[in-house]
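Asks: got a sequence here, can you model it:
(one chain, ligands or ions: 2)
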Amino acid sequence: MTLLDVRDLAVRYDTPHGVSQALDGASLTVAAGELVAVVGESGSGKSTLGMAVLGLLPASAQRVAGDLLVDGSSVFGLAPAELRGLRRTRLGLVLQDAAGSLDPTRRIGRQLAEHLDRPGHAAVLSRLEQVRLPDVERVARSYPHQLSGGMAQRVAIAIALARSPGLLVADEPTAALDTEIKHDVLRLLADSCRERRTALLVLTHDLTGIAAYCTRLVVMYGGRVVETGPPEEVLERPRHPYTRGLLHAVPGQETVGGTLRSIAGSPPVLTGPSAGCAFAPRCEFRIDRCGGVRPEPSDDAARVLCHRDGELDAVVTLHEAPEV
Ligand code: ATP
Ligand code: MG
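Replies: Numbering: from 1, shown residues only. Ligands and ions are numbered 1, 2, ... in the order given. Next comes the predicted model:
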């Protein structure tokens, strides 16, 4: 059953400095229990999408088109009290700065207990054990500043999962952590969601880090979802030129000609709906149509947003043959 259904959602921020079209017709569905990773460069709209799911967009953000449904109901149609109820019972949130989302003045055990339907010392300890924290008695008695970043993030995950939500949104959950523990925390997130049958929507820059832990990858560019699919398919046979570029820009991946490269140019800063494909100015495969006609999703599950989808393998072979 479809838990989250984002339909052609367009959201813009109006600020004294100008307008920013953060989402420009983003579409995405998440089924119960799916582990979905949303990847894309800075400014592609990941956090705006995540905050929209939770009904937490700031007042400067407005929906200009499309809709976002959780359990079949539009979050934009809910009264504030209904939205709070939905967040308490069906949704969870984990942010980059775990320690910052905890109350610095209260012990961990008390804070976690507040989120449990049946609080109690034993229940608190058991939840801390479930997120693989050592010495849970001591952690329960600690204040947030007494924990390492990784431990605080585990506590934040325990709190977000306390009521076994249908969907957990994690926005850059490991960005502030040391490299050695990033993978442990991602694995914990994925395993914990799988055990509870909670769907996960993790928003990240870190394409290769997350690929091993998700059941589906979603690639965003310029406020739209440009490609989606099982991680092994997207990594081995990327179809959108932006996805191809992202993979070439990732250290350790096979690269054209064996050298590492990044995508030339910068991501767009949209001040309104894009006229054509937002990636066109950076795209080596661009044709005239790309500049003026918005690509619509392909009919298959990958929903690739590219006018040249299906032609590119042939083009790439032609391009590269002389260089080898
Ligand atoms: P990052 O990887 O840096 O976290 P992101 O993919 O999460 O980026 P968003 O934060 O959703 O992207 O931003 C999308 C666009 O909306 C950007 O152009 C950004 O500058 C703009 N934006 C985001 N939040 C606000 C805000 N509160 N006010 C004005 N503009 C905003
Ligand atoms: Mg973000």
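Asks: for ligand 1, what are the nearby residues on the protein?
Replies: With C-beta under 6 Å from any ligand atom as the criterion, the chain comes near ligand 1 at residues 13, 15, 20, 22, 40, 42-48, 58, 60, 205, 269. For glycine as for every other residue, the C-beta is placed from the backbone atoms N, C-alpha and C.
Asks: and those, which is closest to ligand 2?
Replies: Nearest to ligand 2 among the residues of the chain next to ligand 1 is Ser47, at 3.1 Å by C-beta to the ion.
Asks: which of the residues of the chain next to ligand 1 tops the neighbour count?
Replies: Taking other C-beta atoms under 10 Å as the neighbour criterion, Ser44 ranks highest of these with 28 neighbours.
Asks: so that one sits against Gly222, correct?
Replies: Yes: the criterion here is C-beta atoms under 8 Å, and Ser44 meets it with Gly222 at 6.7 Å.
Asks: mind listing the shared neighbours of the two?
Replies: Pro267 (C-beta atoms under 8 Å, 6 or more residues apart in numbering).
Asks: still on that earlier bit, in strands, which of the residues of the chain next to ligand 1 fall?
Replies: 13, 15, 20, 22 (DSSP state E).
Asks: if I look at the third one, how far off is Gly45?
Replies: Per C-beta to C-beta, to the nearest Å, Ser20 is found 10 Å from Gly45.
Asks: repeat for Tyr143
Replies: 36 Å.
Asks: and for Arg106?
Replies: 35 Å.
Asks: next: Asp309.
Replies: 21 Å.
Asks: thinking again about what came up before, determine which two of the ones in strands among the residues of the chain next to ligand 1 are furthest apart.
Replies: Thr15 and Ala22 (11.2 Å; C-beta to C-beta).
Asks: now do the helices in this structure.
Replies: Here the chain has its helices, by DSSP state H, at 46-53, 80-89, 98-101, 108-113, 121-130, 136-141, 149-160, 179-196, 207-211, 231-236, 241-248, 288-292, 312-320.
Asks: distance to Asp300 and mean pLDDT added to those helices, as a markdown table?
Replies: Listed next are these as a markdown table, based on distance: least, C-beta to C-beta, whole Å; pLDDT from 0 to 100:
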| stretch | distance to Asp300 | mean pLDDT |
| --- | --- | --- |
| helix 46-53 | 22 | 98 |
| helix 80-89 | 32 | 95 |
| helix 98-101 | 38 | 83 |
| helix 108-113 | 44 | 97 |
| helix 121-130 | 38 | 97 |
| helix 136-141 | 47 | 98 |
| helix 149-160 | 33 | 96 |
| helix 179-196 | 26 | 94 |
| helix 207-211 | 21 | 87 |
| helix 231-236 | 11 | 94 |
| helix 241-248 | 15 | 90 |
| helix 288-292 | 20 | 96 |
| helix 312-320 | 15 | 67 |
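Asks: quick one: low-confidence parts of the stretch 201-324 of the chain?
Replies: Within the stretch 201-324 of the chain, the segments meeting pLDDT under 70 span 249-262, 316-324.
Asks: for it, which residue gets nearest to ligand 2?
Replies: Leu203 (6.2 Å).
Asks: what sits closest to the residue nearest to the spatial centre of the chain if chain neighbours are left out?
Replies: Centroid-nearest residue in the chain: Leu203, 2.0 Å away (criterion: C-alpha atoms, centre = their mean). The shortest distance from Leu203 to any non-neighbouring residue, by C-beta to C-beta, 6 or more residues apart in numbering, is to Lys46 (4.0 Å).
Asks: right, and that neighbour touches Val219 too?
Replies: No: assessed by C-beta under 8 Å, Lys46 is found out of contact with Val219, at 10.6 Å.
Asks: what's the overlap in contacts for those two?
Replies: 38-40.
Asks: now the end-to-end length of stretch 229-241.
Replies: From its first residue to its last, stretch 229-241 covers 15 Å (C-alpha to C-alpha, to the nearest Å).
Asks: got it, and stretch 293-308?
Replies: Stretch 293-308 has its terminal residues 12 Å apart, counting by C-alpha to C-alpha.
Asks: show me what counts as buried in that stretch.
Replies: 294-295, 297-298, 302-308 (16 or more other C-beta atoms under 10 Å).
Asks: what does stretch 214-230 give?
Replies: 214-229.
Asks: what's the neighbour count on Gln175?
Replies: Just so we're on the same page, residue 175 is Ala rather than Gln. For Ala175, using other C-beta under 10 Å, the count is 13.
Asks: what about the residue nearest to it when sequence neighbours are not counted, neighbour count?
Replies: Closest residue to Ala175 apart from its sequence neighbours, by C-beta to C-beta, 6+ apart: Gln96 at 4.7 Å. Burial measure for Gln96: 19 neighbouring residues, criterion other C-beta under 10 Å.
Asks: same question, Thr174
Replies: Neighbour number of Thr174 under other C-beta under 10 Å is 25.
Asks: correct me if wrong: it contacts Arg187.
Replies: No: counting by C-beta under 8 Å, Arg187 is not a contact partner of Thr174; they are 10.5 Å apart.
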